[in-house]
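Colleague: Okay, sequence plus prediction incoming.
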Amino acid sequence: EVQLVESGGGLVQAGGSLRLSCAASGFNFDDYVIGWFRQAPGKPREGVSCISSSAGSTYYADSVKGRFTISSDNAKNMVYLQMNSLKPEDTAVYYCTLSYGKKVYWGPGTQVTVSS
């Protein structure tokens, strides 16, 4: 059974940093796409960043380029999102998501709140 568990959210002042972690289990950490979505109140869920294991590439939404960095540790089955220069508009619930074996899996989410 695939499981994704996020951690690292919290309250931070604008300009600050947070690092989100996603512990992934229940699948072979080889051919997959894993990353982060976020959803702010009253807004649709949006893709933030992801890693493709087969392509060896990363993706970032324009709104976070240059501020967020995604990384993975295959030995630990972990994915991280380093978030720097945070802005109030980054406030949202952040979800770890995995595309694997023609299915998409979601973690329960972690709240990130950026105060101005």
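Modeller: Yep, that arrived.

Colleague: Double-check residue 24 against residue 100; I have them as touching.
Modeller: No. With contact defined as Cβ atoms under 8 Å, residue 24 does not reach residue 100; the gap is 9.2 Å. Any C-beta I mention is one placed from the backbone N, CA and C, and that applies to glycine too.

Colleague: out of these two, which sits in the busier spot?
Modeller: Between residue 24 and residue 100, counted using other Cβ atoms under 10 Å, the more crowded position is residue 24 (23 against 19).

Colleague: Nearest residue to the more buried one in space, please, no chain neighbours.
Modeller: Residue nearest to residue 24 in three dimensions, not counting chain neighbours: residue 77, with 4.9 Å by Cβ to Cβ, 6 or more residues apart in numbering.

Colleague: From residue 83, how far off is the one you found?
Modeller: The gap separating residue 77 from residue 83 is 21 Å, by Cβ to Cβ, to the nearest Å.

Colleague: Comparing those two, which shows the higher neighbour count?
Modeller: residue 83 (26 against 16).

Colleague: can you pull the contacts of the more buried one?
Modeller: For residue 83, the contact set (Cβ atoms under 8 Å, 6 or more residues apart in numbering) comprises 17, 18, 19, 20, 64, 67, 68, 90, 112.

Colleague: from those residues, which is closest to residue 39?
Modeller: residue 112 (10.9 Å; Cβ to Cβ).

Colleague: any idea which element that closest one lies in?
Modeller: strand 110-115 (DSSP states H and E).

Colleague: Over that strand, what's the mean pLDDT, rounded is fine.
Modeller: Predicted confidence along strand 110-115 averages 98 (mean pLDDT).

Colleague: For the most centrally placed residue in the chain, name its beta-bridge partners.
Modeller: Nearest residue to the geometric centre of the chain (Cα atoms, centre = their mean): residue 36, 2.7 Å. Residue 36 forms beta bridges with residue 49, residue 96, as assigned by DSSP bridges.

Colleague: Could you measure from it over to residue 116?
Modeller: With Cβ to Cβ as the criterion, residue 36 and residue 116 are 23 Å apart.
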